[in-house]
Structure formats: structure tokens, C-alpha cells
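**Student:** need a structure here:
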Amino acid sequence: MEAIGADVGVAASALYRHFPGKSALLTAAVDRTATLFEDLLDTHAARHTSGADPAVALQDLLNEYVTIAFSHGPDLMLYLSELGALSAEDRQRTREAQRRQRNRWADLLVAAADASVRATRATGSPSTESHVTESHVTEALARARVHAALAVVLDGGQGTEFHPAAAARFGQLAGHILIPHRPG
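**Tutor:** Numbers count the residues shown, from 1 in each chain. Here you go, the predicted structure:
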């Protein structure tokens, strides 16, 4: 608690007035970050109605995530990597929240890939038939791509100490992971 207090510029005793121990502090930080992530997804869903182009919505969500990752990177790192230090109940609750969040991303990715397939087939161009086959994304593949894309942003950001100049590049890399066969 002394090291945490020093990092935020307060005495450990000030932390103990608000949190009974390190575990409670960690739980509060993880819960706050889970809420931040959930708010991102809720706000995004409210802006992108069912009639919106899923690929545009996915790119917009990725851009918003990159912004949050580079402004709240250490919080997100904690949220994704320190589950072992939580109580069993808090760990299960957090994993369920993370799973729901990842699945929301994956659903949007599947919708974007399906829309791409429909658009490609609608053109009737035989030269794009291989793209149609490659664009099919299963739910399992979508979850794996989402996990990988978000990790690229967060791990890459950490490697640059979340320097703002690196954000766009890691967002671009994550975009290629999410939808590797973008037309044109």
C-alpha cells in the first residue's frame, strides 16, 4: 500500500481510510475499468443503430478503444492482467464482464464480415469470390481476432509507455487483425 500511495501522491494511511487492503483497492480499480469499458460499448451501440454499416461501426469502436487504451492504459492493463489477485467471487464476476464485452465486439465483427460477404456477392463479380470465402468469420474466430486486436493495442501501447504518437499505428495494426481482407 505504501508503494501505491507513493505512486498517487498520498500516504498509505489515506488509502486505508478508503480501502481495507490492497485486494479491496484492486477490486475497486478493476470495477472502475470494467465500467469504463462497458460505458464505451453502450455509448457506441447507442450511436450506431441497427441500420449502420457494421464495418464502419467496428472501425469507430476500435478508434474509441485506442483512445481509451492510450489515455487509461495502466488501468486496462490491470483490468486484464491482475485477476489472480482478486477474490474468487470478484474474479468470476470480472471474467464474466470481460467475456460479455469481448462477445459484443465479436458480434460486431461477425456482422461486419457478413455484410462484406453480402456486398461482395451482390456485385456478382467472379473475381471477388475468393474474398467471399475468406470473409466468413465464425463466432470463435471473431472472439480470437478481437482478443488479439485489443492485445496489440494494449501491449503495443505499454511498450511505448502509451505515447500518443504510437496510438494510430497500433490502431491500424489492430484493424488489420480484426478484418484482414478489406476490399479496395
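**Student:** Give me the below-cutoff pLDDT ranges for this structure.
**Tutor:** 1, 3-5, 7, 124-135, 181-184 (pLDDT under 70).
**Student:** Let's see that with 80 instead.
**Tutor:** Along the chain, the parts satisfying pLDDT under 80 run over 1-8, 12, 21-22, 50, 116-136, 180-184.
**Student:** residue ranges for the helices of this structure, please.
**Tutor:** Assigned by DSSP state H, the chain shows helices spanning 2-8, 12-18, 22-47, 54-71, 73-81, 88-123, 129-135, 139-159, 167-178.
**Student:** The fifth one packs against which elements?
**Tutor:** When contacts are defined as 3 or more C-beta pairs under 8 Å, 6 or more residues apart in numbering; DSSP states H and E, helix 73-81 sits against helix 22-47, helix 88-123, helix 139-159. For the C-beta atoms, the positions are set from N, CA and C on the backbone; glycine is no exception.
**Student:** Let me have the ones you listed in JSON lines, extended by distance to residue 60 and mean neighbour count.
**Tutor:** Output for those, formatted as JSON lines (distance: least, C-beta to C-beta, whole Å; neighbours: other C-beta atoms under 10 Å):
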{"stretch": "helix 22-47", "distance to residue 60": "7", "mean neighbour count": "15"}
{"stretch": "helix 88-123", "distance to residue 60": "10", "mean neighbour count": "16"}
{"stretch": "helix 139-159", "distance to residue 60": "14", "mean neighbour count": "18"}
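**Student:** now for these, which one comes closest to residue 70?
**Tutor:** With C-beta to C-beta as the measure, helix 139-159 is the member of these nearest residue 70 (5.5 Å).
**Student:** Measure how far that closest one is from the centre of its chain, please.
**Tutor:** 7 Å (C-alpha atoms, centre = their mean, to the nearest Å).
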